[in-house]
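S.K.: sequence and predicted structure below; questions after.
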Amino acid sequence: MTPIGPFARIEADAPPPGEIPGLRGAPMRTPVRTTDAATGPGLWPALVGRLLTRQLWIELYGLPGYALTLKGRVAQGFAATPRDFRPVDPGPGKLVLGGKFLLAGASLEAAAPEDPWNRPSPTRAFAAELHAFAWLPSLMLEGERGAREALRLTLAWATVFARWSPFAWDPLILARRTFNLACAARRMGQVATEAERLRLADILGRQARQLLRPPGGVAGKAERMVAVAVAGCALAGGAGAGLRRKALRALPGALARTVGEDGAHASRSPEAGLELLLDLLTLEDALAQLSEAPPEAMLAAIRRLTAATRFHTLPDGRLITLQGGGPSNPARVAAAVAHDEADGAEPPVGAVGGVARIRSPLLTVAADVAAPARGVWSAAACAQPLALEIVCGRDRMVTGCGWTPRATDRQGLRLAPGHSTLALGEASTGAPLGGWKGGLLGHRLIGRPLHLEVNRRDGEGAVWLEAEHDGWVHDFGLLHQRRLYLDQRLDEVRAEERLHPAPGQKDVVRAIAAPYAVRFQLEPGVQASLARDRRSILLRGHSGRGWWFRTDGPDVAIEPSVHIDEGLTRRSLQIVVRGSARTDSETKIRWKLSPAGAGGEPS
């Protein structure tokens, strides 16, 4: 191999990798030592406050007469039919007509005249989607028959859950149910009797009014207010107008806290930004049906979210899978940005929402160069500093395990082994809140604040991106620096992982060695073949085009991994480079990715 650019030749002379103790196989089973106490000083006030207020709302909302307080002005019918721009798969709706609910990778049989409300759900994720009416958009594709079944299931739900309950009326679930019901209510009303139509309108109005009440909090308020406003557009007369007025008055402030100046969602999840954009587009459409102008703050948020979504979309048409954002699918992303006049334009360079992109004609590299969200915004945050994704042509090659907040049973995938970055020992730069604390506050990410330094330089035919974080200093006294050099003429990325003692850490007594693992999670379906030199791996994506991955790491292996796709766990592969770093000196691990046929082929 000819040395090109700032990095020297990568020698290929290592012995075959042996069995190394530590992290192998699926990252969800990795034991972790968190770098922060789960009951840090900033957490106790939130826990105590949540304990007190949660019990208060349970006692108050659980009172026998509480439902009467949700009865507002009577809506005689429906005004608008809000359009949900999300593409809909007709498959689940056909199954519901046949008596089978397939949600979040699990299924439940409940053929008419039975319903799924008075029986246990197979998983909590299934129950969340069931009560969020995630099945409703698909069922509405089945014409009059689908609308009648949707009406039957909705009325049955309202009979069983007329009284408030902590799960079925949870703010997140309630917001999605209200949104989905508002988009379908008018068409459902067309197949209903007069009494059923009035009851359906009452059900929608009650749920929208509950969304205007606590609990809820800052995180998710924008989504809740959009759901209330959409319901207000669907309901006719003064009942709908009152809901619209209250929601639209609160929406600008909620959007200001949720959407950054660069268009990134406050949670830093690209998927959360995409979903909020789709909700806002639905609200804009519903207001247009009523000939009402949307607030300027809402239109500005749509513009910013659209630009950020374009930035977070890779050449394969899917989103970056960083910070709890799943890859989504090209049709969903395309639907969110179809209104944009800049359709087809190249995304801007730089960083949006803490994600930096560099690219050449055939390579696109995205790297996480900011700290994860903290506090109430961290339910989707991941402890994966400097994680990266690489798309070769239109083949997503290097990625993450695709964790999203919907995968509540696979919290381990939020740690460093769940994405393409470096991990030291069995420690973590943060960890999901678990146990009874997680039950109270949600699975927010806890840990010491992460500090990063980022430097980017653009030159003639090349881009240099350098980022460094201090997440390993407390346990090992080491800083991790990831240096990426993209040769735009050769479509080749050369990188260096550098571990070096933090200033002032050499005198601290620590273990002299720290085992490291640099992982490169591969997209499901990517083929990987280890060459005889034990340092080179031939990768082939879905297009069949080959790319060479090479490294000078002491131990290189191809290992099994997992990938979360639409709630299902798929098998995948990961490249793992292992070794041991001294805590009192510098360690470098170099790697490169280049098109097959460039720079000589390993034997």
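M.R.: All right, it came through fine.

S.K.: okay, the residue lying farthest from the centre of the chain: pLDDT?
M.R.: Most distant from the centre of the chain: Glu194, at 41.9 Å, with distances by Cα atoms, centre = their mean. You'll see Glu194 listed with a pLDDT of 95.

S.K.: just checking, Gln521 is part of a strand?
M.R.: Yes. The assignment for Gln521 is a strand, going by DSSP: H, G, I helix; E, B strand; the rest coil.

S.K.: how close does it sit to Gly189?
M.R.: 47 Å (Cβ to Cβ, to the nearest Å). C-beta here means a position set from N, CA and C on the backbone, and glycine is covered the same way.

S.K.: between these two, point out the one with more neighbours.
M.R.: Gln521 (30 against 23; other Cβ atoms under 10 Å).

S.K.: ok, that one touching Met397?
M.R.: No. Here Gln521 does not reach Met397: they are 9.9 Å apart, not a contact under Cβ atoms under 8 Å.

S.K.: what sits in contact with each of these two?
M.R.: Both Gln521 and Met397 lack any common contact, where contact means Cβ atoms under 8 Å, 6 or more residues apart in numbering.

S.K.: ranges for the helices of the chain?
M.R.: 44-61, 90-97, 124-131, 136-139, 143-160, 171-189, 194-211, 221-234, 237-258, 270-289, 296-311, 330-337, 435-441, 473-476 (DSSP state H).

S.K.: same list, the ones you listed, but as TSV with distance to Ala110 please.
M.R.: Shown next, in TSV, are the helices of the chain (distance: least, Cβ to Cβ, whole Å):
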stretch	distance to Ala110
helix 44-61	27
helix 90-97	9
helix 124-131	10
helix 136-139	13
helix 143-160	9
helix 171-189	18
helix 194-211	20
helix 221-234	26
helix 237-258	31
helix 270-289	28
helix 296-311	36
helix 330-337	28
helix 435-441	28
helix 473-476	50
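
S.K.: deepest of these, which one?
M.R.: Comparing the helices of the chain by mean neighbour count (mean count of other Cβ atoms under 10 Å), helix 221-234 ranks first with a mean of 27.

S.K.: which strands and helices sit next to that helix?
M.R.: Counting contacts by 3 or more Cβ pairs under 8 Å, 6 or more residues apart in numbering; DSSP states H and E, helix 221-234 packs against helix 171-189, helix 194-211, helix 237-258, helix 270-289.

S.K.: identify the residues contacting the second one?
M.R.: Outside of helix 194-211, the residues that reach it under the criterion Cβ under 8 Å, 6+ apart are 67, 70-78, 151, 154-155, 158, 164, 169, 171, 174-175, 177-178, 181-182, 185, 188-189, 192, 224-225, 227-228, 231-232, 234-236, 239, 243.

S.K.: where are the low-confidence patches of this structure?
M.R.: By pLDDT under 70, the weakly predicted segments of the chain are 1-42, 343-349, 506-509, 598-603.

S.K.: rerun that using 80 as the cut-off
M.R.: Residues of the chain that meet the criterion pLDDT under 80 lie in 1-57, 327, 341-350, 505-511, 566-567, 597-603.

S.K.: leaving out sequence neighbours, find the closest residue to Glu144.
M.R.: With sequence-adjacent residues excluded and distances taken as Cβ to Cβ, 6 or more residues apart in numbering, Glu144 is closest to Val191, at 5.7 Å.

S.K.: correct me if wrong: the one you found contacts Arg152.
M.R.: No. Counting by Cβ under 8 Å, Val191 does not reach Arg152; the two are 10.1 Å apart.

S.K.: overlap in contacts of those two?
M.R.: With Cβ under 8 Å, 6+ apart, Val191 and Arg152 have no common neighbours.

S.K.: sorry, back to before: tell me how far the residue farthest from the centre of the chain lies from Leu538.
M.R.: 68 Å.

S.K.: again, but for Ala132
M.R.: 44 Å.

S.K.: more neighbours, these two?
M.R.: Ala132 (22 against 16).

S.K.: got the phi/psi numbers for that one?
M.R.: Per-residue torsions, Ala132: phi -80, psi 0 (degrees, to the nearest 10).

S.K.: just checking, it touches Arg177?
M.R.: Yes. With contacts defined as Cβ under 8 Å, Ala132 counts as touching Arg177 at a distance of 5.1 Å.

S.K.: excluding chain neighbours, what is closest to Phe126?
M.R.: Nearest residue to Phe126 in three dimensions, chain neighbours excluded: Ala106, at 4.2 Å (Cβ to Cβ, 6+ apart).

S.K.: before we move on, what about Thr313?
M.R.: Thr313 sits nearest to Val333 (Cβ to Cβ, 6+ apart), 5.4 Å away.

S.K.: the one you found against Thr309, yeah?
M.R.: Yes. Counting by Cβ under 8 Å, Val333 does reach Thr309; the two are 6.8 Å apart.

S.K.: between those two, what contacts are shared?
M.R.: 274, 319.

S.K.: list the residues that contact Gly105.
M.R.: Neighbour list for Gly105: 123, 125-126, 566-569 [criterion: Cβ under 8 Å, 6+ apart].

S.K.: show me which of these are buried.
M.R.: Among those, those buried by neighbour count (16 or more other Cβ atoms under 10 Å) are 123, 125-126, 567, 569.

S.K.: what's the closest of these to Gly325?
M.R.: The nearest member of those to Gly325, counting by Cβ to Cβ, is Gly567 at 14.9 Å.

S.K.: ok, now which ones touch that closest one?
M.R.: Residues counted as contacts of Gly567 (Cβ under 8 Å, 6+ apart) are 103-105, 125, 406-407.

S.K.: CA atoms only for stretch 175-189, dumped as CSV, please.
M.R.: Provided in CSV are the C-alpha atoms of stretch 175-189 (Å, rounded to 0.1, in the frame of the first residue of the first chain):
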residue,chain,number,x,y,z
ALA,A,175,-50.5,12.4,21.9
ARG,A,176,-50.1,9.8,19.2
ARG,A,177,-53.6,8.3,19.7
THR,A,178,-55.1,11.8,19.5
PHE,A,179,-53.2,12.6,16.4
ASN,A,180,-54.1,9.4,14.6
LEU,A,181,-57.7,9.6,15.7
ALA,A,182,-58.0,13.2,14.5
CYS,A,183,-56.7,12.3,11.0
ALA,A,184,-59.3,9.5,10.7
ALA,A,185,-62.3,10.9,12.6
ARG,A,186,-64.2,12.5,9.8
ARG,A,187,-64.0,9.4,7.6
MET,A,188,-65.0,7.3,10.5
GLY,A,189,-67.9,9.6,11.2
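
S.K.: quick one: distance of it to the chain centre.
M.R.: The chain centre lies 25 Å from the centre of stretch 175-189; the measure is Cα atoms, centre = their mean, to the nearest Å.

S.K.: stretch 549-567 too?
M.R.: Counting by Cα atoms, centre = their mean, stretch 549-567 is centred 21 Å from the centre of its parent chain.

S.K.: also stretch 548-559?
M.R.: 29 Å.

S.K.: ends of it, how far apart?
M.R.: Chord length of stretch 548-559, first to last residue, is 17 Å (Cα to Cα, to the nearest Å).

S.K.: that older thread, and the two most separated of the buried ones among the contacts of Gly105?
M.R.: Top of the distance list for these (Cβ to Cβ): Phe126 and Thr569, 14.6 Å.

S.K.: about what we covered before: out of the contacts of Gly567, which one sits closest to Gly418?
M.R.: When those are compared against Gly418 (criterion: Cβ to Cβ), the nearest one is Ala407, at 10.3 Å.
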